[in-house]
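Peer 1: Need the 3D shape of this:
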Amino acid sequence: MKAVRNLRWIAAALAFVILAGTAGFSFVFGWPWLDGLYMVITTLTTIGYQETHPLSNLGRAFNLVLIFFGVGLVFLAIGALTQALLEFELRSFFWQAKNGTRHRTGSATTTSFVVQDVSDAARPRTRCASQCPS
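Peer 2: Residues are numbered from 1 along each chain as shown. Below is the predicted model:
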């Protein structure tokens, strides 16, 4: 499935951005690892609670790059996850409709009955005058 493959690439890129951002705050600015990770996570999730340490102009520039790539990747991950879930649901939906299976969950039950009713309605009906076979 293409959507799952895309999710793997996006997750790997997001992990790289988190590690690079944490390392950048730790090595370049001398922050502890946990402070760097906290700053990266609050930046990527757009919480923006507060800087753990005051940022210099270089720190602000580094954070802008992190925002540009990281937040874009987070939104891309949300979109790819939504696409994967939709593809899975639609594939399951059409497979159930094609095979006429009935499940007791949500719209699949309704759809199965509708498909059953439509296929029953398409069959020609004959009436017999005396005895009909059962």
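Peer 1: Name the residues of stretch 41-57 that are buried.
Peer 2: Neighbour counts over stretch 41-57 (16 or more other Cβ atoms under 10 Å) mark 43-44, 52 as buried. (C-beta placed from N, C-alpha, C; glycine too.)
Peer 1: In contact with Val71, which residues?
Peer 2: Applying Cβ atoms under 8 Å, 6 or more residues apart in numbering, we find Val71 in contact with 43-44, 46.
Peer 1: ditto for Phe62
Peer 2: Applying Cβ under 8 Å, 6+ apart, the residues near Phe62 are 24-25, 28-29.
Peer 1: try Gly79
Peer 2: Counting by Cβ under 8 Å, 6+ apart, there are no residues that Gly79 touches.
Peer 1: can you start the count at 52 instead of 1 from here on
Peer 2: All right, first residue 52 from here; so that's Gly130.
Peer 1: Give the helix, strand or coil label for it.
Peer 2: helix (DSSP: H, G, I helix; E, B strand; the rest coil).
Peer 1: ok, and for stretch 66-83, which residues are buried?
Peer 2: 68-69, 72-73, 75-77, 80, 82.
Peer 1: Out of those, which is nearest to Leu127?
Peer 2: Val68 (11.3 Å; Cβ to Cβ).
Peer 1: nearest residue to that closest one other than its sequence neighbours?
Peer 2: Gly121 (4.7 Å; Cβ to Cβ, 6 or more residues apart in numbering).
Peer 1: separation between the one you found and Phe139?
Peer 2: 27 Å (Cβ to Cβ, to the nearest Å).
Peer 1: No more questions from me, cheers.
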